Structures are given as structure tokens and as C-alpha cells.
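J.: Can you look at this prediction? I've put the sequence above it.
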Amino acid sequence: MRILDRFMHPPAPRFAPLGTEAAARLAAIHASAFARGWSTLDFERLMAERGVVTDGLFLGRAAKPAGFVLSRIVLDEAEIITVAVTTEARGRGHARPLLVHHLDALSRRGVARVHLEVEEGNAPALALYRRLHFETTGRREGYYRKPDGTRVTALTMALAL
């Protein structure tokens, strides 16, 4: 660390669209955040689909994303398929500005309503979505399978943009 770094504020997070070239990095981030991570090929295929939008979070001068959000747009609605941040960046308030940036990008593309699903026990994610005014619209009992084989409920949520 340079001496000046102690007195200067760190650079603001940056956000940028991501393409399939980032698939391996996204797979690694996803695997660190979820019990059942997706492969690089899974990300490459998904990101190559028409209507899929992926935004990355970049911290400091990093060239690799520290997080991402991936959505699929169909007509005037979108589904947030996944959001993940690296282990090192979690709990530092980065997910909210990333998601706000992504929601703004979706709105600029004509999206009027955004849907997502989240594990009922994922308190940090639920707090984030509720702070952004997502509302619970339904429940899917036993939707997610945990590593130990048990099943947990998914909540469906939506937000009008």
C-alpha cells in the first residue's frame, strides 16, 4: 500500500456489461456463492442467448469482475437469474449499487417489471431485495435442494420499474 492510499478514498465501483469472455470468472464467483455452482459452459451458453443481459462489478483498478448480475429479458419483463459477489467483496455494500445499476439498464431497455426467486433463508439477499422494494409474489415449496439433500422454499419476488 502506498502512503497516499491511506489518505485517499478508494475509487468508486465501476459497472460494465459482460460478454461470454467472462464466463470462467463468473462460474468461479457463482461457485463461491452457491452450493450448486454453474460451469463455464453453462455461463457461455446462457450469456449467448438473445435477451440475456449481464453486468459486472469492478472494484478499484481490477480488470476482473468482483461480482455480477445476469437477467433474461422477454418483451417488457425480465427475470434476474442470478446475482453473486466474490467472497472478499461480500458484506461491503457492493451488491446494492450493482443491482441498482442493472435495474436501470433493464429499464432503459424497456423493461417494466422484474422478477426473481430467492431461497427463503437467504437473509442478506432478502434484505437487499426488500430495500429495493421488491415484493414477495409467491412461494415454491421444496424448490431448492441443499447439499445435504434437504429441500427449501423459494420465494418469488417482483418489482415494477
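T.: Thanks, I have it. Computed from a predicted structure; not experimentally measured. Numbers count the residues shown, from 1 in each chain.

J.: Only C-alpha atoms from now on, for both contacts and neighbour counts.
T.: Will do.

J.: Who are the packing partners of the strand or helix carrying residue 156?
T.: Using DSSP states H and E, residue 156 maps to strand 151-160. Other helices and strands packing on strand 151-160, by 3 or more C-alpha pairs under 8 Å, 6 or more residues apart in numbering; DSSP states H and E, are strand 113-119, strand 135-145.

J.: Now tell me what touches that strand from outside.
T.: 112-120, 133-146 (C-alpha atoms under 8 Å, 6 or more residues apart in numbering).

J.: cutoff 7 Å now
T.: Outside strand 151-160, the residues that touch it by C-alpha atoms under 7 Å, 6 or more residues apart in numbering are 112-120, 133-145.

J.: Which strand or helix spans the residue nearest to the spatial centre of the chain?
T.: Nearest residue to the geometric centre of the chain (C-alpha atoms, centre = their mean): residue 83, 1.7 Å. Using DSSP H and E, residue 83 maps to strand 77-85.

J.: which helices and strands does the helix or strand just after that strand pack with?
T.: Next helix or strand after strand 77-85 toward the C-terminus (DSSP H and E): helix 95-108. Secondary-structure packing of helix 95-108 (3 or more C-alpha pairs under 7 Å, 6 or more residues apart in numbering; DSSP states H and E): no helix or strand packs against it.

J.: contacting residues for the residue nearest to the centre of the chain?
T.: Contacts of residue 83 were listed using C-alpha under 7 Å, 6+ apart, and they are 68-70.

J.: what does residue 82 give?
T.: Counting by C-alpha under 7 Å, 6+ apart, residue 82 touches 69-70.

J.: Report the beta-bridge partner residues of it.
T.: residue 70 (DSSP bridges).

J.: pLDDT at it, what is it?
T.: pLDDT, residue 82: 96.

J.: Equivalent analysis for residue 11, please.
T.: Value listed for residue 11 in the pLDDT field: 73.

J.: where does the chain dip in pLDDT?
T.: Low-confidence segments of the chain (pLDDT under 70): 1-10.

J.: rewinding a little: ranking the helices and strands packed on strand 151-160 by burial, who's on top?
T.: strand 113-119 (a mean of 20; mean count of other C-alpha atoms under 10 Å).

J.: Can you spell out which helices and strands pack onto that strand?
T.: Checked by 3+ C-alpha pairs under 7 Å, 6+ apart, strand 113-119 has strand 77-85, strand 151-160 packed alongside it.

J.: Provide a list of residues in contact with residue 59.
T.: Residues near residue 59 by C-alpha under 7 Å, 6+ apart: 13-14, 66.
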